[in-house]
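S.K.: coords please:
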Amino acid sequence: MCIVLMNVAVVTEGTSIAENVNLKIAGTTISSITKEDLSTTEGDVSINGTGRLPIPGLINAHTYLAETLSEAKRCREQKGVASVEHLDRIGAFSVSALAAHCVYVNSDDMCLLADKKVRLVHSPQSNAKLASENSLVSMMLENTVTILLGTDGAASGNGSNTMEKMRMAALLKKGLSQEPTVPSAEEVLQMATVNGTSTLNEEYRDS
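M.R.: Numbers count the residues shown, from 1 in each chain. Alright, predicted model coming up:
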């Protein structure tokens, strides 16, 4: 018996999203991904997944989100909504999700992320090197979003020294916002330790 998911969205090799494709699942294997009609035999199950994003194995989702201004503009031009709302519409937040960067978001986006319990990965040194605006740490904290501290890769962050990233996270936002207490040392320490540990432990339990 096969399961056929009709009219779903999938992430392509170029990290763009192809919509209205059909998936055939045989056992635990995706055997076919196509825009053509998939024939079914007796006993097959056909499911209409219009507008949904299948996540194989129901594993936790991880994505870069609203990292650059060009990404934010492209999503609005192509989908008519912001990146955060688009991912929510296709079901990306229907499982436990991690969203990295989240630089170009507004208060509505942040409320949605908080409501969906999406954990955010803050990568201040990478954002600075790539000339992205600093992510809105104070807004994240106000919306009680769980924030993890990310080192990103050496190519975009010049190394993976956690202590160095903690120092950058503590100082960069203060300089940009002229708020000497945001984020506090305690909040940065929690981003780098407790929040990351609890998230990874949850992922291992779900795997």
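S.K.: most distant residue from the middle of the protein?
M.R.: Using CA atoms, centre = their mean, the residue of the chain lying farthest from its centre is E42. It sits 38.3 Å away.
S.K.: so that residue, which of the three states?
M.R.: What DSSP: H, G, I helix; E, B strand; the rest coil gives for E42 is coil.
S.K.: measure it to M1 for me?
M.R.: Here the distance between E42 and M1 works out to 9 Å (CB to CB, to the nearest Å). Every C-beta, even on glycine, is put in place using the N, C-alpha and C of the backbone.
S.K.: next, the buried residues of the longest helix seen in the chain.
M.R.: Ranked by number of residues, the top helix in the chain under DSSP state H is helix 162-177. Buried residues in helix 162-177, defined by neighbour count with 16 or more other CB atoms under 10 Å: K165, M166, M168, A169, A170, L172, K173.
S.K.: okay, these in CSV with pLDDT and distance to G49 next?
M.R.: As requested, the buried residues of helix 162-177 are arranged in CSV below (pLDDT from 0 to 100; distance: CB to CB, whole Å):
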residue, pLDDT, distance to G49
K165, 79, 39
M166, 78, 42
M168, 76, 42
A169, 76, 39
A170, 75, 44
L172, 72, 41
K173, 70, 40
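S.K.: put together CSV for these, with distance to T28 on each row.
M.R.: Shown next, in CSV, are the buried residues of helix 162-177 (distance: CB to CB, whole Å):
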residue, distance to T28
K165, 38
M166, 41
M168, 42
A169, 40
A170, 45
L172, 44
K173, 44
